[in-house]
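Chemist: pasting a predicted model and its sequence here:
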Amino acid sequence: MAMKFEKTGDGKYMLDVCGYVCPHPQIYCKKSLEKIGSGERLELVFDNPSSGETIIQMCDQAGHEIVEKKQEGNKLIYIIEKG
Amino acid sequence: MENLEKRNTFWAYAITGILVLISLLYYSVSPYYIYLIVYIWFGFAYGMMLQYGRFCFASASRDLFAAGVPRMAVGILVALMFFSLIQATLASTNMSTFHPAPFGIHTLIAGLVFGVGMVLSGGCASGSLYKIGEGNMTSFLAAFFGLCIGQAIFVDVTWFNALMPQKWADNAAAKVASGFPPADKVTSSFDTYLAGYIWDQPTVRMSDIPAIKEALPGASKYFIGDALLTALIPAVLLLIVIYAFFMRKGYINKKKKELKKAGKEEKTGFGDDIAGIWSMITASQRTTVMGVLIGIVAGLHILVMKGMQLRFGVDNFGRLLTKMGHTADVSTSGKVFDPGYWYITSQEGQFGAWILEKFGWNMHDNIFFGVNNGLPEPWRNPALWMSFGIIFGAMVMARLNNEYKFKLPKGELIAWGLLGGILMGWGSRPALGCNIGAFFIRVAGGDPSGWLYGTGMVGGAFIGVKFFNWWTERKMAKEMESF
């Protein structure tokens, strides 16, 4: 198991933290958002539902927009645009 | 997806049905087991609420420090406020099973160790149980090897003798010489700690303080001393502090942007701060609503357990086990661990000790199991059934929401789970409780030592978050080398 943080295109990044449990998904998500620029997008893939609630509130408070939320099997995918 | 939903629904009903059958089976063996059945179903209810509200005490301080998110801290404070009012009502009608704990610096130190552990393992004592119900096996590692086995070993070894001051050893020896505790039960460092230090510490409950008793006659001492002074006022102050440090800046900026957009003057006042605090409380409705419900259910649990004790004319389930002939289950005092309310860690220590005894380790030769809590067979251990109930309740709720996923720990998570679990197990014993027994229950019951434990937990969580921040930065830097 290893986390993946990749640049997938122009202004697009992907963070895969599947297999990780609290607090890792939320910490990696916060750190990744710190690394990318305003207006750029992060595709966050995780499978720890307990982290979701924290990530939603973290984005709301920091002014990031979750533009899409989807579930594929047990995987949760959030597309976050940095504010 | 449809198949997954069907499978999850099937398991949710199957688990509930099996627990109903187990309950009926117990009752058919003896009506006394209704006492144990009550623990099962309150555990089940806690598990459902904890999972639905993502209710984890580790998350409260960790997410605040790591992500600036106050969701869980708010949920816990809300639960605490409701629970304290119900505790006061029960105390005023003599229907409470609450008892305060020895007060001292040990509570703060234990909380600190526990706080580091809960951040490393990813969940507090109750949070780890609900996460096992979600299929999270990192939490299983923490609960099994830390809270069960680690805790049992902690109370039975002499590894910590060097930390025991001579006066504690002398004090314990003097007690043994006077006849209690029995000499053959004082064998470990923890025994020296209990008999030589803990038993001589005062207990503090606000409603028992003479000045408060005199000033506030009747039931008012419970509502004002225990609930208002110990729980409600500190909780409200903490909400204000959390808002000021973590929420206010963002909320006020947002408000100013809205005013600017509307072409109005960018001026905010006291009313906006009140609205900001309310928005913080309602930001995560599922957590806050569960906070209210958990507070109420935890109070009801106390009421029902007291009712059970009155119904059977006993003060502890050990008396009923003795009546049923299970004398080997109980301690020398005729009791087993039976807190009478929500508790997590002691029963898990009992489970660990029971397992270790199967491998030839004598776990009856200490005060914790031998004199105080007994070592019942797991299927006759009421509080342990509450822990199993939490796991199964959470599993049912996770299944119903299609959130169950069996996840084996890999790589670093194995290390964090084990290390965090052991720190939680060791951090819960010196204070005689964990985030639930040493913090939540005590504060709501009017025992200020709960805040000492809570302060320690928050301090420990801060250290844990600092470590994880460093660890994450290091890994992110490696990943970004290829950008």
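Modeler: Thanks, I have the structure now. Numbering: from 1, shown residues only, chains lettered A, B, ... in the order given.
Chemist: tell me which residues in stretch B:235-244 are buried?
Modeler: Within stretch B:235-244, the residues scored as buried using 16 or more other C-beta atoms under 10 Å in any protein chain shown are B:Ala235, B:Leu238, B:Leu239, B:Ile242, B:Tyr243. Yep, even glycine has a C-beta here, placed from its N, CA and C like the rest.
Chemist: where exactly do the helices run in chain A?
Modeler: Using DSSP state H, the helices of chain A run over A:24-35, A:49-62.
Chemist: and the first one, how far from the chain's centre?
Modeler: For helix A:24-35, the distance between its averaged C-alpha position and the chain's averaged C-alpha position is 7 Å (C-alpha atoms, centre = their mean, to the nearest Å).
Chemist: now do stretch B:154-168
Modeler: Counting by C-alpha atoms, centre = their mean, stretch B:154-168 comes out at 25 Å from the chain centroid.
Chemist: OK, contacts around residue 79?
Modeler: In the absence of a named chain, this looks at chain A. Residues near A:Ile79 by C-beta atoms under 8 Å, 6 or more residues apart in numbering or on different chains: A:Arg41, A:Leu42, A:Glu43, A:Leu44, A:Ile66, A:Val67, A:Glu68, A:Lys69.
Chemist: that's the wrong chain, I wanted chain B
Modeler: Contacts of B:Ala79 by C-beta under 8 Å, 6+ apart are B:Phe55, B:Met290, B:Gly291, B:Val292, B:Ile294, B:Gly295, B:Ala298, B:Phe440.
Chemist: at 7 Å instead, please
Modeler: With contacts defined as C-beta atoms under 7 Å, 6 or more residues apart in numbering or on different chains, B:Ala79 is in contact with B:Gly291, B:Ile294, B:Gly295.
Chemist: distance check, it against chain A.
Modeler: Taking C-beta to the nearest C-beta, to the nearest Å as the measure, B:Ala79 falls 16 Å from chain A.
Chemist: where's that residue relative to B:His326, distance?
Modeler: Shown here: B:Ala79 relative to B:His326, a distance of 35 Å by C-beta to C-beta, to the nearest Å.
Chemist: still on that earlier bit, in ChimeraX, select just the buried ones from the contacts of A:Ile79.
Modeler: Remark: buried members of the contacts of A:Ile79, expressed as a ChimeraX selection using 16+ other C-beta under 10 Å:
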select /A:41,42,43,44
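Chemist: quick one, the least confident helix or strand in chain A by mean pLDDT and helix A:24-35 angle?
Modeler: One helix or strand of chain A scores below all others by mean pLDDT, DSSP states H and E: helix A:49-62, with a mean of 88. Using axes from the mean of the first three to the mean of the last three C-alpha atoms, to 10 degrees, the direction of helix A:49-62 lies 30 degrees away from that of helix A:24-35.
Chemist: need the residues of chain A near chain B, please.
Modeler: Chain A comes close to chain B at residues A:1, A:3, A:5, A:7, A:19, A:21-23, A:26-28, A:30-31, A:35, A:47, A:49-50, A:53-54, A:57-58, A:61, A:73-74, as judged by C-beta under 7 Å from any C-beta of the partner chain.
Chemist: please, a PyMOL command that selects the buried ones among those?
Modeler: A single PyMOL command selects the buried members of the residues of chain A next to chain B (16+ other C-beta under 10 Å):
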select buried, chain A and resi 3+5+19+21+22+23+26+27+28+30+31+35+47+49+50+53+54+57+58+61+74
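Chemist: okay, and the beta partners of the residue most central in space within chain A?
Modeler: Closest to where the C-alpha atoms of chain A average out (C-alpha atoms, centre = their mean) is A:Leu44, at 3.1 Å. With DSSP bridges applied, A:Leu44 shows beta-bridge pairing to A:Leu15, A:Tyr78.
Chemist: who's in contact with it?
Modeler: Contacts of A:Leu44 by C-beta under 7 Å, 6+ apart are A:Leu15, A:Cys29, A:Ile77, A:Tyr78, A:Ile80.
Chemist: does the fourth one touch A:Ile66 like I think?
Modeler: Yes - here A:Tyr78 lies in contact with A:Ile66, judged by C-beta atoms under 7 Å, at a distance of 5.3 Å.
Chemist: now the residue of the stretch 301-450 of chain B at minimum distance from chain A: which helix or strand?
Modeler: Taking C-beta to the nearest C-beta, chain A has its nearest neighbour within the stretch 301-450 of chain B at B:Lys410, 3.9 Å off. Using DSSP states H and E, B:Lys410 sits in no helix or strand.
Chemist: what's the pLDDT at it?
Modeler: Looking at B:Lys410, its pLDDT reads 86.
Chemist: got it, and B:Arg286?
Modeler: So, for B:Arg286, pLDDT stands at 87.
Chemist: and residue 77, what is it in contact with?
Modeler: Answering for chain A, as no chain was given. Residues in contact with A:Ile77 (C-beta under 7 Å, 6+ apart) are A:Glu43, A:Leu44, A:Val45, A:Lys70.
Chemist: please refer instead to chain B.
Modeler: B:Ala235, B:Leu238, B:Leu239.
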